[in-house]
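**Student:** just a sequence and a predicted model for now, questions to come.
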Amino acid sequence: MKFKGIGRAGGMAGEDRSASMLQLGTGDSYDRTAQEKSLSSPSQAAPDITPSTVQEERQELDAVAATLGNSSRLLRLITYIGENYFQGKTDKLHEYDIATEVFGRSKDTFNAGEDAIVRVEAHRLRKRLAEYYAGEGKDHPIHVSIPPGAYIPIFTRQTSGPAKLNSEIALDPPTIEQGLNGFGVGAAAQPGAWPPSHIVVMAAAIAALVLTILSGYLLFRAYSARKDAVAAVASGAAASNVQQNAPANAAPYAEVPLRILAGYSGKPQIDTAGNVWQPDQYFHLGGRWNRPDSAVTRTTNQMLFSHWRNGNFSYDVPLRPGVYELHLYFVAPEPDSNELSTFSVFANGDKVLAGFDVRSDALGANIADERVFRDITPASDGMLHLLFVEIRGLAMLSAMEILPGTPHRQLPIRLVTQPSPYTDHNGQFWRPDDHYMNGYTGTKRMKIEGTLDPDLFAAERYGHFTYTIPVDTRDRYTLILHFAEFYFGRGETGGGGEGSRVFRVLCNGNTLLDNFDIYQEAGSLHALTKSFYHLKPSAQGKLDITFEPIANNATVSGIEVLDEAQ
């Protein structure tokens, strides 16, 4: 297999790529050299990032492809990735196009939440790459990897042996020898041995006492004034001198937006919106685990939920004075029993989640769950202290996000039902489709009238489906839904009319639209917007929006959620 086509910088095959730009499908560009620098783990020696040439990269992909066998799925996948990468079509390197163009899935019915073929085959490809660079390819000067959660290849030049692929980093679970929940308490039982009942009682009492002492210690450490941290921040000293698990050469304050993958120690990852997520840092104690390969629903960013930190643990994040918005991401594993598994979360001593059970909050295992908190500010010592304390079962965290906030108001949420982000005529950023359950996606690219943003309606989610939008529980929200009828009337079929598509929309059980007929209100190929005010979130901090068919399928093209707080 020979990878041909124009180079990403538009030059000849042997052109130096140091100035080339890697398009991430966001409308923005990343400098490739800068990206490669950023993709080296702060805790590991980075490979030489001297820019590789297009010719070297093609040769390396050829070498990898030659090991995959004729007509294999992996060969088709890497061929598609390579051809589109070298032709500058990285906007096609996402799950939907790969599923429909490589694996023959229907463009009208493919649902990434239900069909994991792309993620499964990409995982197999990453394993094959890891095996290749551990064996016959270990001495190759250029290594290629496919970052988890993305399908754009990364090329790195090696100088001192192969770099371990970030997708295959093994995280060993804490053992009993490491102590109670990774805290260094207790000793391992001998295989097959069962202690007498009085020893069990004594062990339980000791464990409870130790847990109480440790929780108190965590609270004291997290929320008491720490002179060394205050002095370091005040003097401008590097936070890494006083902050456990801070990145190497850290500045006195964390750079915000800050996105952290809890329990992960590989290279930074890029989500579908083009945001960069860093490996775990600023933490104290706890264990770290890899999730099984089972897919997580209600998210298009599987890599956010691929790992977690668990046990009793905390984070101390150095922040500049100001107001921030905190997002915490969770996912529950398959349960061992039907009992609750609860923990509490504190932010600077305030309990923000009490008796929190991820499975109950998300309505099941392997379902993405996100909680949002506005008006987060650093404590007097310049730190945001987050404490996770077990009650019944392990405390856990998959990822966290700290964003520059707006006082007393959550940041706007805008979703477009497309696999790539969109920026409208007002410069507002719309994230790719997310937070949904069920339904199908369709991309018809019809010419929509009555809007300054016709591309906002380039796709739809249709069928019977829901969106669960995470919001701060304290506020009321405006919901704006964007519709267009591009199937009936003058649309795809040219037939049908009033009554062809009728559906209802509900939010947290309250009906917003009933017997709703887009064609009746706006005709075909014409934008239609509906706004709803003063919506109260659920106690779980969610706007659960249900699209329920009456005749044919429900549909939506864009969703906005705006905080009404003054």
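**Tutor:** Everything's here; your move. Residues are numbered from 1 along each chain as shown.

**Student:** next up, the contacts around the closest residue to Asp108 other than its chain neighbours.
**Tutor:** Distances taken as CB to CB, 6 or more residues apart in numbering put Gly442 closest to Asp108, at 5.4 Å, once the chain neighbours are dropped. The C-beta positions use only the backbone N, C-alpha and C, and glycine is treated the same way. By CB atoms under 8 Å, 6 or more residues apart in numbering, the contact list for Gly442 reads 107-108, 459-460, 462.

**Student:** in stretch 60-72, what counts as buried?
**Tutor:** Using 16 or more other CB atoms under 10 Å as the test for burial, stretch 60-72 gives 60-61, 63-65, 68.

**Student:** can you report phi and psi for the residue nearest to Gln59 when sequence neighbours are not counted?
**Tutor:** Nearest non-adjacent residue to Gln59, counting by CB to CB, 6+ apart: Ile142, 7.8 Å away. Backbone torsions for Ile142, taken as degrees, to the nearest 10, come to phi -120, psi 130.

**Student:** Ile142 reaches Tyr133, doesn't it?
**Tutor:** No - using CB atoms under 8 Å, Ile142 is not in contact with Tyr133, being 10.5 Å away.

**Student:** coming back round to it: from the buried residues of stretch 60-72, which is closest to Leu481?
**Tutor:** When the buried residues of stretch 60-72 are ranked by distance to Leu481 (CB to CB), Leu61 comes first, at 43.3 Å.

**Student:** surely the closest one is in a strand?
**Tutor:** No - counting by DSSP: H, G, I helix; E, B strand; the rest coil, Leu61 is not part of a strand but helix.

**Student:** wait, it sits on Pro153?
**Tutor:** Yes - contact criterion CB under 8 Å: Leu61 and Pro153 qualify, at 7.5 Å.

**Student:** show me whatever sits in contact with both of those two.
**Tutor:** What both Leu61 and Pro153 touch, as defined by CB under 8 Å, 6+ apart, is the set 82, 144.

**Student:** could you point out where the stretch 451-566 of the chain is predicted with low confidence?
**Tutor:** Applying pLDDT under 70 to the stretch 451-566 of the chain flags the ranges 491-494, 566.

**Student:** what comes into contact with stretch 446-458?
**Tutor:** So stretch 446-458 is contacted by 416, 418, 422, 424-425, 430, 443-445, 482, 484, 486, 491-492, 522, 525-528, 557-558 (CB under 8 Å, 6+ apart).

**Student:** going through these, which ones are buried?
**Tutor:** Among the contacts of stretch 446-458, those buried by neighbour count (16+ other CB under 10 Å) are 416, 418, 422, 424, 430, 443-444, 482, 484, 486, 491-492, 522, 525-528, 557-558.

**Student:** out of the contacts of Gly442, which end up buried?
**Tutor:** Buried among those (16+ other CB under 10 Å): 459-460, 462.

**Student:** filter these down to the ones in strands?
**Tutor:** When these are checked against strands (DSSP state E), the matches are 459-460, 462.

**Student:** sorry, back to before: distance check, the residue nearest to Gln59 against Arg157.
**Tutor:** Remark: distance between Ile142 and Arg157 (CB to CB, to the nearest Å) = 6 Å.

**Student:** same question for Pro421.
**Tutor:** 30 Å.

**Student:** repeat that for Phe110.
**Tutor:** The gap separating Phe110 from Arg157 is 37 Å, by CB to CB.

**Student:** counting neighbours, what do you get for Val435?
**Tutor:** One thing to correct before we go on: residue 435 is His, not Val. 22 (other CB atoms under 10 Å).

**Student:** tell me the contacts of it?
**Tutor:** Residues near His435 by CB under 8 Å, 6+ apart: 298-299, 368, 370, 415, 467-470.

**Student:** just the buried residues of these.
**Tutor:** Of these, these count as buried by 16+ other CB under 10 Å: 298-299, 368, 370, 415, 467-470.
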